[in-house]
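Asker: Predicted structure and sequence below. I'll ask about it afterward.
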Amino acid sequence: MEILLAMVVISAVIFFGALLSKGNERQRRAIDDLREQVVLWAVQDLKIKREKLARTVQVPDPLGWLNRHASKVCGLELNLQVLEMLEDPSCLVCSSSDHTVKVAFSPHSPAELRRFRNKKHSRLSTFTGQNPLPALSRKGNAHELSVLNGGLLFDLELPLVWKALTGHDLEMATGLWLYEYF
């Protein structure tokens with residue numbers, strides 16, 4: 001009789017444990033669905049706000065815009081001055097106002113620059129190539145400027161700034177890389 005009672009109690013505990021487990025799983029799924037709906041709502045809300053602002057995107061001071069974002073990423077007040085625009089790979093070389101820090105802005109990531117450096121080039125390009133980017137991808141500090149650290153309209157303002165400073169269009173770039181060198 002005692003064994004039968006112990007078996008019934010153990011069975012009841014296992015049964016109620018399974019019911020609790022099933023209830024907890026159902027509650028977890030409901031919370032996950034709710035979280036997913038909140039995320040979708042937040043993304044849609046940001047898209048609506050962004051569309052309203054995107055119609056009026058202007059950058060009156062491109063160098064100031066670039067300086068503000070570079071200073072935020074580097075942690076230094078740079079007061080940038082544009083030195084030159086270089087091609088193949090494209091980059092904008094700037095210097096701080098006191099000429100102690102030089103930075104290069106490029107739409108190319110360090111991985112792309114390493115592939116470019118490893119590609120075969122003509123011997124003539126070694127004499128004429130003054131582009132610092134292939135060497136910087138290995139030894140310089142690289143910081144990515146993107147929507148994550150540049151603001152809600154960064155990817156809409158970036159092509160306007162690049163066009164104003166370099167005279168070239170920036171196609172399909174959502175971010176910009178800042179390479180520091182001294």
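Answerer: Received the coordinates, thanks.

Asker: Tell me which stretches of this protein form helices.
Answerer: Counting by DSSP state H, the chain has these helices, from start to end: 2-54, 62-74, 110-118, 123-128, 133-139, 147-150, 154-166.

Asker: L92: which of those is closest?
Answerer: Of all the helices of the chain, helix 154-166 sits nearest to L92, with 5.7 Å by CB to CB. The way it works is simple: take the backbone N, C-alpha and C, and place the C-beta from them, glycine included.

Asker: Mind putting the helices of the chain into a markdown table with distance to C91, mean pLDDT and mean neighbour count?
Answerer: Shown next, in a markdown table, are the helices of the chain (distance: least, CB to CB, whole Å; pLDDT from 0 to 100; neighbours: other CB atoms under 10 Å):
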| stretch | distance to C91 | mean pLDDT | mean neighbour count |
| --- | --- | --- | --- |
| helix 2-54 | 27 | 91 | 10 |
| helix 62-74 | 13 | 89 | 18 |
| helix 110-118 | 9 | 77 | 14 |
| helix 123-128 | 15 | 50 | 8 |
| helix 133-139 | 5 | 59 | 17 |
| helix 147-150 | 18 | 83 | 14 |
| helix 154-166 | 9 | 89 | 18 |
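
Asker: Just tell me which of those helices ends up closest to Y179.
Answerer: helix 133-139 (4.4 Å).

Asker: tell me the contacts of V39?
Answerer: The contact partners of V39, taken as CB atoms under 8 Å, 6 or more residues apart in numbering, number zero.

Asker: My error: substitute E180 in the last question.
Answerer: C74, V101, K102, V103, G140, N141, A142, H143.

Asker: what about L80, neighbour count?
Answerer: For L80, the count of nearby residues is 21 (other CB atoms under 10 Å).

Asker: what's it in contact with, if anything?
Answerer: Taking CB under 8 Å, 6+ apart as the test, what L80 contacts is L63, L66, N67, A70, C94, S95, S96, S97, V103.

Asker: how much space between A12 and S21?
Answerer: Relative to S21, A12 is positioned 15 Å away (CB to CB, to the nearest Å).

Asker: Could you do R35 as well?
Answerer: From R35 to S21 the distance is 21 Å (CB to CB).

Asker: Nearest residue to L178 in space, please, no chain neighbours.
Answerer: Nearest residue to L178, sequence neighbours excluded (CB to CB, 6 or more residues apart in numbering): H143, at 4.6 Å.

Asker: Could you do E112 as well?
Answerer: In space, E112 is closest to P89, 7.4 Å off (CB to CB, 6+ apart).

Asker: Can you pull the phi/psi pair for H168?
Answerer: With angles defined as degrees, to the nearest 10, H168 sits at phi -110, psi 150.

Asker: shouldn't it be in contact with L92?
Answerer: No. With contact defined as CB atoms under 8 Å, H168 does not count as touching L92 (9.6 Å).
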